[in-house]
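Asks: my questions concern the predicted model and sequence given below.
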Amino acid sequence: MRHLAFTDGNQIALLHSGAGFYPALITAIDGARVEIYLETYIFSLDETGQLVVEALQRAAARGVVVYVINDWLGSGRDNTRKLHQVLEAAGVQHRSFNPWFRRGVARSHRKLCVVDRQVAFVGGLNINDDMVSDRDHVTPLPAPRWDFAVRIVGPLVREIYREMEAQWLRVGRMKLKARWINFKRLRHRHAGPVHDQTQAGLVVRDNFRNRRTIQRAYLQALGRARESAFLANPYFAPGRKTRRALVEAARRGVKVTLLLGVGQFVMQDAVAHSFYPELLRAGVRIVEYTHTELHAKVAVVDDRWATVGSSNYDGLSLFVNQEANVVVQDQAFASYLRQEIEAGAVSGRVVHLADFLHMPWYKRAAYGAAFLLYRTVIHIITLGNDA
């Protein structure tokens, strides 16, 4: 079992949505001289994906060794096949995770990149257009998808590199400037300030030795919370331990705020609503984000502990998917991310307990049925993944 180990002396910058992330990623790729590892759940060949592909092609043409992994299910069978053809033709080495479900229902939901073992990116953003809905990949969004990543320089990069190198080997056993004009419509946000000398660690989840590492990191942070806890996530279906940690923190007087994404999937919303009454009674503040799609998986506790990554609060992320988060112990970084979450909450709808106390019985029954169906499906998937 992997324990969360922190390293000192890291430089970490928070990247907000595609406006911050994609230009920073392409800049790092264009500066590569030796080697690039890139891993993502979705790698679309849309306008955004094409910009990243072209940067990878330029790197390979310079003699940089480039390794790319995408999830076969997340990216889609046909899209993965086309991506493989395009990348291989340019000299980029490409592998897809768990094609044709050869390893059960396991998925790689991680979003990672390491360039020249000097700079790393960790977060929640896929390689796809963040102005188009994740629901159908067609519907335009009113604003860029709300999400975060971090750019890291420092000792932690070595650990992220080792993890990505090992993943490449594991998967193998399965079997500009003018270009940036395209980002002008997204550039209402930029990278946050660089926080120097920060203490940070990588926490990953897999289906072997590290099954509960990310969940444990959250539980420990909530268990130690004394003042505040701000959590933002799009897919909210927490297990019993996480719900209990949220409830107990609120009852200790901790200001607990959940900023949740809604409106993308009806069933997901129904499952999330089934948990609301218990949390609201305990004093947890719940805000539903309504400005655009919320895709961020971030949290801040007591303005000292923060995490940014790919892990949702649902059974797939916590028990099936491979995930990766960075945990940062730095007051300046945590405070800055907390302010970003609070700013996002301004665009949301506050949920009140009265909304549920006066709800028609059939709606409560529907939420309960959604929860039971969800729990059954996760149980079946988990058993199948262990086989």
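Replies: Done, it's in.

Asks: which stretches of the stretch 251-387 of the chain have low pLDDT?
Replies: Under the criterion pLDDT under 70, the flagged ranges of the stretch 251-387 of the chain are 382-387.

Asks: can you give me the strands in it?
Replies: With strands called from DSSP state E, counting those that start in this stretch, the stretch 251-387 of the chain shows them at 255-261, 285-289, 298-301, 305-309, 323-329, 348-351.

Asks: now Leu73, nearest residue through space, not along the chain?
Replies: Arg107 (5.6 Å; Cβ to Cβ, 6 or more residues apart in numbering). Every residue, glycine included, has its C-beta placed from N, CA and C.

Asks: which residues touch the one you found?
Replies: Tyr41, Asp71, Leu73, Gly74, Phe97, Asn98, Leu316, Val320, Asn321, Gln322 (Cβ atoms under 8 Å, 6 or more residues apart in numbering).

Asks: same thing with His195?
Replies: Each residue near His195 by Cβ under 8 Å, 6+ apart is listed here: Gln11, Ile12, Ala13, Val328, Asp330, Ala332, Phe333, Tyr336.

Asks: ok, the nearest residue to Trp146 once chain neighbours are set aside to Arg77 distance?
Replies: Residue nearest to Trp146 in three dimensions, not counting chain neighbours: Leu294, with 4.8 Å by Cβ to Cβ, 6+ apart. From Leu294 across to Arg77, the span is 28 Å (Cβ to Cβ, to the nearest Å).

Asks: quick one, which of these two is more surrounded?
Replies: Between Leu294 and Arg77, counting by other Cβ atoms under 10 Å, Leu294 is the more crowded of the two (25 against 12).

Asks: returning to what we had before: export the contacts of His195 to TSV and append columns for distance to Leu25 and neighbour count.
Replies: TSV is the format used below for the contacts of His195 (distance: Cβ to Cβ, whole Å; neighbours: other Cβ atoms under 10 Å):
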residue	distance to Leu25	neighbour count
Gln11	16	17
Ile12	15	28
Ala13	12	19
Val328	19	28
Asp330	23	21
Ala332	24	15
Phe333	20	28
Tyr336	20	18
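
Asks: show me these that map onto helices.
Replies: For the contacts of His195, the ones inside helices are Ala332, Phe333, Tyr336, with DSSP state H as the criterion.

Asks: closest to Val115 among those?
Replies: Among those, Phe333 lies closest to Val115 (Cβ to Cβ), at 21.4 Å.

Asks: for that closest one, what are its contacts?
Replies: Contacts of Phe333 (Cβ under 8 Å, 6+ apart): Ile12, Leu14, His195, Thr198, Ala306.

Asks: what number of residues lie near the fourth one?
Replies: Translated: Thr198. 25.

Asks: coming back round to it: now the strands of the stretch 251-387 of the chain in TSV, with distance to Ala221?
Replies: Output for these, formatted as TSV (distance: least, Cβ to Cβ, whole Å):
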stretch	distance to Ala221
strand 255-261	12
strand 285-289	18
strand 298-301	4
strand 305-309	5
strand 323-329	8
strand 348-351	23
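
Asks: closest to Gly91 out of these?
Replies: With Cβ to Cβ as the measure, strand 323-329 is the member of those nearest Gly91 (26.6 Å).
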